[in-house]
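Colleague: Make a model of this:
(one chain, ligands or ions: 1)
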Amino acid sequence: MVTELDIRPISHWTQDEKYPLLVAGPCSLETEEQTLETARLLAKDPRVHVYRGGVWKPRTRPGSFEGVGEIGLEWLKKVKAETGLKVGTEVANAQHTEACLKAGIDVLWVGARSTASPFVVQEIADVLKGTDATVMVKNPVNPDVQLWIGAIERLHQAGIKNLVAIHRGFTPFQETKYRNYPRWKTLIELKRLLPNLPVICDPSHIAGKRELLFEVSQKAFDMGIDGLMVESHRDPSCALSDAAQQLTPTDLGSMLDKLVLRKLHIDNPSFENKLDELRNRIDAMDHEVMELLSSRNKIVSQIGNYKKENNVTALQIDRWTEMMNNRTNLAQKLGLDETFIKILFQLIHEDSVRQQTEFIDK
Ligand SMILES: C=C(O[C@@H]1C=C(C(=O)O)C=C[C@H]1O)C(=O)O
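Modeller: Here you go, the predicted structure:
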């Protein structure tokens, strides 16, 4: 179900119509000096809106650097006073949230592990009730769009209107080149279900390494993302957390220079006309594809009928294997992506078998 939540655009709280939103800063605040020096370097770039810095770090296993705690909020206050940047940090419970409200932290975000826990999100929302806080919600660690939406709804029910979702990738279940694999189809689904929710991308947690940051960020802009949250440290080689994925403020600037920003729409009638013409052709083709699928289905049910009369199984594994080989060869010849064709025919085949078993067992 598509829901129209009363969510404000990012420009409402950044007071800046110049998209995209850029949130940058170290993974963790380590010392007052590191906090301020990194902030001074980042503040030189007018593209940076919010200075981020982790104060309470949710670490996978105990024993690693778990953040400096509340003293970090004092350092963020100094950053705000000195540079004029908005400041933000991650909150993972009611106590963190209260401390941030007291310190006047402008932007709070809920981390991926917290988003996965409705109790945690609710406790944060309860503290924020009645405030005009700005809250960003990272995707849960698993690609569950409803859980992500649920967290956003809990905050919205508490009256929070400055909401932003952050795509930071999902925990991989097998070896991938990413630390957390990006799953653009989950993002597309989120945008479909909550059309007015701004969404930004955290390429640092997706990439896990500096070298991949550019390609992930560009892909995010190609998908129409509203901004980026990027980890940046004055000297990443000495960072106490996420050393491999942070950029110096200078390298962040160079990366931003190279990124091509794209708009959802442009005001150009001849572009619109050409697009309409091509989209009409796609509509006609999709129509034909569906008519062909419907005709295919009729043959599948005729075959189902014969199978029932002759007590033959619905699933015919030899025929299916032969078909798969034939379809993937054809995909190659036609320049179609083999994996896509495999998945497409798996779906078609699954549906045929479902139809036939339902009919045979009736
Ligand atoms: C249609 C049939 O039944 C099943 C469905 C198939 C299909 O959708 O093409 C192929 C093999 C069978 O597993 C058939 O036996 O040919």
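
Colleague: now the stretch 101-250 of the chain, which segments are flagged as low pLDDT?
Modeller: Under the criterion pLDDT under 70, no range of the stretch 101-250 of the chain is flagged.

Colleague: Which neighbouring residues are in contact with the residue in the stretch 151-300 of the chain positioned nearest to the ligand, exactly?
Modeller: In the stretch 151-300 of the chain, no residue comes nearer to the ligand than Val300, which is 4.7 Å away by Cβ to the nearest ligand atom. Placement of C-beta: from N, CA and C, glycine included. Contact partners of Val300, counting by Cβ atoms under 8 Å, 6 or more residues apart in numbering, are Ser352, Gln355, Gln356.

Colleague: Secondary structure element holding it?
Modeller: Here Val300 is covered by helix 269-310, with elements defined by DSSP states H and E.

Colleague: mean confidence for that helix?
Modeller: The predicted model assigns helix 269-310 a mean pLDDT of 97.

Colleague: Next: stretch 352-359.
Modeller: Stretch 352-359 carries an average pLDDT of 96.

Colleague: Of all the residues in it, which ones are buried?
Modeller: Of the residues in stretch 352-359, those with enough neighbours to count as buried (16 or more other Cβ atoms under 10 Å) are Ser352, Val353, Gln355, Gln356.

Colleague: before we move on, what about stretch 71-86?
Modeller: Residues of stretch 71-86 classed as buried under the neighbour-count rule (16+ other Cβ under 10 Å) are Gly72, Leu73, Trp75, Leu76, Val79, Lys80, Thr83, Leu85, Lys86.

Colleague: contacting residues for the spatially most central residue of the chain?
Modeller: For the chain, the residue nearest the mean C-alpha position is His167 (2.2 Å; Cα atoms, centre = their mean). If you count contacts by Cβ under 8 Å, 6+ apart, His167 has them with Asn139, Pro182, Thr186, Leu187, Val199, Ile200, Cys201, Asp202, Ile206, Ala220, Ile225.

Colleague: Pop out the phi and psi values for it.
Modeller: For His167, the backbone dihedrals (degrees, to the nearest 10) come out as phi -90, psi 110.

Colleague: and whichever strand or helix holds Gln356, how far from the chain's centre?
Modeller: Gln356 belongs to helix 338-360 when elements are defined using DSSP H and E. In this view, helix 338-360 has its centroid 30 Å away from the chain centroid, taken as Cα atoms, centre = their mean, to the nearest Å.

Colleague: cool, stretch 182-195 as well?
Modeller: On Cα atoms, centre = their mean, the centre of stretch 182-195 falls 7 Å from the chain's centre.
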